[in-house]
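>>> Here is a sequence together with a model predicted from it:
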Amino acid sequence: MGKIVVGILALFLLIGAFREPIIDGIKGWRTSDTTESFAVVTVAGQTTANTTLAYDLYQASTAEVITITSNTTGTPVASAYTEATKKLLISGLPASESQTLTVNYYAETDDTVMRIIGPFLGFLIFFVTAGLIVWQMWKGKR
Amino acid sequence: MQLGKLLGVIVGLLTIVITLAIAPSIATANTAVSTSGNLTADMIGMSVVVTFGAPLAILGLLAMGGLFIVGAWKSNTTMNDMLQVVFTAIIVIVGLTFMLNILDYSVALIAAGSGGFETVLYGILPLIVYLSIIGLSGWQTYKGVKRVRGRSRTSAPAGF
């Protein structure tokens, strides 16, 4: 009985307290914090601009853009990303202005092996660990 | 005694988190080796193994975390086990940093040699050193498996 309680607590720790550090750790391994600058010119009525990132945006998600800052007015935000072309659409720019945008984002690693195993790492760690815990609980029950 | 098991599980999970935290450093050290100008065509097999060396070493260390979780149920996981993983990771990082010098020395040896078989002999040296560094994590895992099994037979008390 005690082993089952410990097992349940261990599973709770795995998917509770340790979930975030593990996910962050995987992300830290798979990505690098990258900063790039782009010179952008907007015409009258234009508040968006496309920029081409040097590296793949992690998980092709605009949520992985950490910050976008401009040397002029406006509050630039990442609104869309095209994975095939690495183009990041930035909106919230002031019209009729020449500006420099600094984009800080999580770039996917160039390591070919990591690109293959990376997407499975979370599954590997969580399910194998949970499997080991359940297996030990089962052995303890018997 | 059940608390000892839970602490063992925590050590296992902490080992996984610490390994993942150290992983970027191992990957960076490995990238320095793979992009080194001294990594010439004479370095037999290096261009192939250097691509998967770092992930292999990190996965080996991650496996130790899983092993500790198994050991926890037998009250076999101690804080020393976690420290051993950290030390192994540090040794791997330092070893990979030294690899740059090994490559440098090998290039010098090949240049000083008379070619032919001598080039092959000097060219294989970096591969042996590199595989030894990467294999260290796997060896530690193997030793860990033996240790956990050994302790369970003697049912030693937990180290907490």
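Perfect, thanks for sending it.
>>> Let me see the contact set for the closest residue to chain B within chain A.
Using C-beta to the nearest C-beta, the closest approach of chain A to chain B is made by A:G25 at 2.6 Å. C-beta here means a position set from N, CA and C on the backbone, and glycine is covered the same way. Taking C-beta atoms under 8 Å, 6 or more residues apart in numbering or on different chains, we find A:G25 in contact with B:I16, B:V17, B:T19, B:L20, B:A21, B:A23.
>>> In strands, which of those fall?
Using DSSP state E to define strands, no part of these is located there.
>>> confidence score at the residue of chain A closest to chain B?
Listed pLDDT for A:G25 reads 92.
>>> Tell me which helix or strand it sits in.
helix A:19-30 (DSSP states H and E).
>>> C-terminal to that helix, which secondary structure element comes first?
Downstream of helix A:19-30 (by DSSP H and E), the next one is strand A:31-42.
>>> How many neighbouring residues does the closest residue to chain A within chain B have?
Residue nearest to chain A within chain B (C-beta to the nearest C-beta): B:L20, separated by 2.6 Å. B:L20 is flanked by 24 other residues according to other C-beta atoms under 10 Å in any protein chain shown.
>>> Which parts of chain A are strands?
A:31-42, A:49-52, A:65-70, A:77-82, A:87-91, A:97-108.
>>> Switch these over to TSV, and while doing so, append distance to chain B and mean neighbour count to every line.
TSV is the format used below for the strands of chain A (distance: least, C-beta to the nearest C-beta, whole Å; neighbours: other C-beta atoms under 10 Å in any protein chain shown):
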stretch	distance to chain B	mean neighbour count
strand A:31-42	8	15
strand A:49-52	24	15
strand A:65-70	16	16
strand A:77-82	23	16
strand A:87-91	24	18
strand A:97-108	12	18
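>>> For B:L83, which of the ones you listed is the nearest?
B:L83 lies closest, by C-beta to C-beta, to one member of the strands of chain A: strand A:31-42, at 28.0 Å.
>>> Remind me what the closest one packs against, helices and strands.
Under the contact criterion of 3 or more C-beta pairs under 8 Å, 6 or more residues apart in numbering or on different chains; DSSP states H and E, strand A:31-42 touches strand A:49-52, strand A:97-108.
>>> Quick check: phi and psi at the residue in chain B sticking out farthest from the centre.
For chain B, the residue at maximal distance from the C-alpha centroid (C-alpha atoms, centre = their mean) is B:S114, at 34.6 Å. For B:S114, the backbone dihedrals are phi -100, psi 20 (criterion: degrees, to the nearest 10).
>>> Give me the pLDDT for it.
Reading off the model, B:S114 has pLDDT 80.
>>> quick one: it from A:T73, how far?
Distance, B:S114 to A:T73, by C-beta to C-beta, to the nearest Å: 69 Å.
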